[in-house]
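*Asks:* Build the 3D model from these lines:
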Amino acid sequence: MHLIRLISGFLMPALVFVMQFATAQESTVAIEQGLGKSTTGYDGSVILLPFDEESADVFSIGMNYYFRPERAFFRLNGGLTFYSIYDADAAFKYLRLPAGIELCLGRKLQILPAAGLSGSYLLDYNPDAVTDDFVKSRSLFLLGWYWRLGIGLRMMDQYMINLAWQHNADITHMYKISRYSPGGAPYSLDVKGYEGMLMLGIRCNILRKSNVPQRPTE
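*Replies:* Down below sits the predicted model:
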């Protein structure tokens with residue numbers, strides 16, 4: 001099962017990068033940094049505000065690639081991002097590979113709704129701040145999804161500064177909690193992670209205008 005999650009997590013970004021060999025209008029490299037809050041839950045999706053004081057802090061830094069086909073109103077993206085989640089005691093570090101699609105609505109000032117999937121690998125955690133349930137049932141590989149809504153400001157047709165609010169959620173469990181029913185029967189609950197973040201990035205279009213394929217004249 002772990003092998004399937006690993007393959008899916010690495011395959012999605014690889015498919016996105018292969019698309020760069022097609023006819024393109026944009027081929028963009030971006031550096032993005034995120035700050036926000038993180039929590040866990042097992043009773044459904046949790047929506048977090050980036051400045052929720054009762055939740056753990058989360059920091060991210062990563063590099064992403066955006067590909068926009070010619071005349072398209074969307075971009076495909078993939079990348080590699082480092083995540084650090086910490087509070088007074090616990091600390092978790094993840095390496096995440098996101099892949100998704102972003103709509104580009106506008107020209108110089110763009111509205112940027114986006115969504116996608118991600119594969120994460122648990123790099124490290126504080127063993128003194130976790131429960132026995134976490135140690136016994138933790139998942140090294142996680143599959144998740146995200147959505148974001150942001151704005152981007154183009155500069156000189158080559159650069160863009162973007163600001164977005166992003167929500168991340170696990171699809172597979174981080175670990176399981178052992179419980180007993182009133183009748184004494186054992187059962188378990190899947191614990192998943194959720195994050196609400198503000199993302200700031202700068203993008204550089206590495207595809208010069210002179211390299212953009214042109215339609216032949218009639």
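
*Asks:* what sits against the residue nearest in space to the middle of the chain?
*Replies:* Centroid-nearest residue in the chain: residue 98, 4.7 Å away (criterion: CA atoms, centre = their mean). Applying CB atoms under 8 Å, 6 or more residues apart in numbering, we find residue 98 in contact with 13, 64, 77-79, 81, 116-118, 146. Placement of C-beta: from N, CA and C, glycine included.

*Asks:* one more time with 7 Å
*Replies:* By CB atoms under 7 Å, 6 or more residues apart in numbering, the contact list for residue 98 reads 78-79, 81, 116, 118, 146.

*Asks:* how would you label it: helix, strand or coil?
*Replies:* Under DSSP: H, G, I helix; E, B strand; the rest coil, the three-state class of residue 98 is strand.

*Asks:* nearest spatial neighbour of it, skipping sequence neighbours?
*Replies:* If you skip the residues right next to it in sequence, residue 98 has residue 118 as its closest partner in space, 4.3 Å away by CB to CB, 6 or more residues apart in numbering.

*Asks:* now that neighbour: how far from residue 192?
*Replies:* Residue 118 is 13 Å from residue 192, where distance means CB to CB, to the nearest Å.

*Asks:* neighbour count winner among these two?
*Replies:* Neighbours of residue 118 and residue 192, each counted by other CB atoms under 10 Å, are more numerous for residue 118; the result is 26 against 23.

*Asks:* Surely that one and residue 146 touch.
*Replies:* Yes. Under the criterion of CB atoms under 7 Å, residue 118 lies in contact with residue 146, with a separation of 6.1 Å.

*Asks:* burial count for residue 27?
*Replies:* Applying the criterion other CB under 10 Å, we find 18 residues in the vicinity of residue 27.

*Asks:* Run through the bridge partners of it.
*Replies:* Applying DSSP bridges to residue 27 gives these bridge partners: residue 67.

*Asks:* Could I get the contacting residues of it?
*Replies:* With contacts taken as CB under 7 Å, 6+ apart, residue 27 has the following neighbours: 20, 67, 205-207.

*Asks:* tell me the pLDDT at the residue nearest to residue 98?
*Replies:* The model reports residue 118 with a pLDDT of 96.

*Asks:* so who does it touch?
*Replies:* Counting by CB under 7 Å, 6+ apart, residue 118 has contacts 96-98, 144-146.

*Asks:* among these, who's most crowded?
*Replies:* Highest neighbour count within the contacts of residue 118, by other CB under 10 Å: residue 98, with 26 neighbours.

*Asks:* any idea how far residue 175 is from that residue?
*Replies:* Residue 98 sits at a distance of 22 Å from residue 175 (criterion: CB to CB).

*Asks:* can you give me the strands in this protein?
*Replies:* For the chain, the strands identified by DSSP state E occupy 24-41, 56-69, 74-86, 91-103, 105-106, 109-125, 141-155, 159-170, 175-180, 186-205, in order along the chain.

*Asks:* would CSV of these with distance to residue 48 be doable?
*Replies:* Output for the strands of the chain, formatted as CSV (distance: least, CB to CB, whole Å):
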stretch, distance to residue 48
strand 24-41, 5
strand 56-69, 9
strand 74-86, 12
strand 91-103, 16
strand 105-106, 25
strand 109-125, 16
strand 141-155, 12
strand 159-170, 7
strand 175-180, 19
strand 186-205, 3
